[in-house]
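1. turn this into a structure:
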Amino acid sequence: MSAIGRAIWFIESHFASGISLDEIAETAGLSRFHLSRVFGMTTGHSISGYIRSRRLSEAALALAGGSATILQVALDAGYGSHEAFTRAFREQFGLTPESLRKQGHARNLALQGPIRMDDTRLPKLDPPRFETHPAMLLAGFAETYAYDATQAIPSLWQRFNQHFGHIPGQIGNVAYGVCTQIEANSEAFRYMSATEVAGADDLPKVS
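-> Below is the predicted model:
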């Protein structure tokens, strides 16, 4: 089973209770940062977004079946109040829990089912390689992206390529794509398209 397959298996086995990114990463055998990046690339979902969608989808089925009170369904889905659950539910499905319970079915909802991983169709990702390199001064463009919303990265490179080769103090003819983690539990990252420069004094300020 692939690392992402193990992560999904763990999520599916435990999403009804509280689970942490550390626990999922340990099961997958990856760092939190690498897991979050690869999970988004492979599934199209952030980890927190997938867990939230699965919990709310199960809650929707329970409400449509009329098997429990809305408050109990909210608590089972990990929400501490009726109000917080209703807000999240409406954002996910476009209607309130009360409306769904009244209509008595969930056929009109885009429910999130378990992701079925076919390891033969997964992208072949090389294992991380760690290298030590002397410090470099990089200049370029940088933006923040969610792991499941990286479609705009090519446009960042298009902007950068208009300047590449004409950057004051540019060293060599090599461009770098640099990913940096924003904070420990964030599911977004900072991405920079850049090249090495000798100094920053002559760099133009580009908005």
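
2. tell me what the worst-scoring helix or strand of the chain on mean pLDDT is packed against?
-> Within the chain, confidence by mean pLDDT, DSSP states H and E is lowest for helix 32-43 among all helices and strands, at a mean of 84. The contact analysis (3 or more CB pairs under 8 Å, 6 or more residues apart in numbering; DSSP states H and E) places helix 32-43 against helix 3-14, helix 21-28, helix 47-65, strand 188-197. Where C-beta positions appear, they are placed from N, C-alpha and C, glycine not excepted.

3. show me where the chain dips below the pLDDT cut-off.
-> 117-126, 148, 184-185, 206-207 (pLDDT under 70).

4. which ones are touching the spatially most central residue of the chain?
-> The centre of the chain sits closest to Ser46, judged by CA atoms, centre = their mean, with a distance of 2.7 Å. By CB atoms under 8 Å, 6 or more residues apart in numbering, Ser46 lies in contact with 36, 39-40, 146-148, 187.

5. let's see 10 Å
-> 36, 39-40, 52-53, 146-149, 187-188 (CB atoms under 10 Å, 6 or more residues apart in numbering).

6. same question, Glu98
-> 63, 70, 82, 86, 89.

7. closest to Phe10 among these?
-> Nearest to Phe10 out of those is Phe89 (CB to CB; 24.8 Å).

8. what number of residues lie near the residue lying closest to Ile51 once chain neighbours are set aside?
-> Excluding the flanking residues, the one nearest Ile51 by CB to CB, 6 or more residues apart in numbering is Phe15, at 5.2 Å. If you count neighbours by other CB atoms under 10 Å, Phe15 ends up with 19.

9. need phi/psi at Phe15.
-> phi -70, psi -20 (degrees, to the nearest 10).

10. does it really touch Asp76, like I thought?
-> No: Phe15 lies out of contact with Asp76 (CB atoms under 10 Å); the separation is 11.2 Å.
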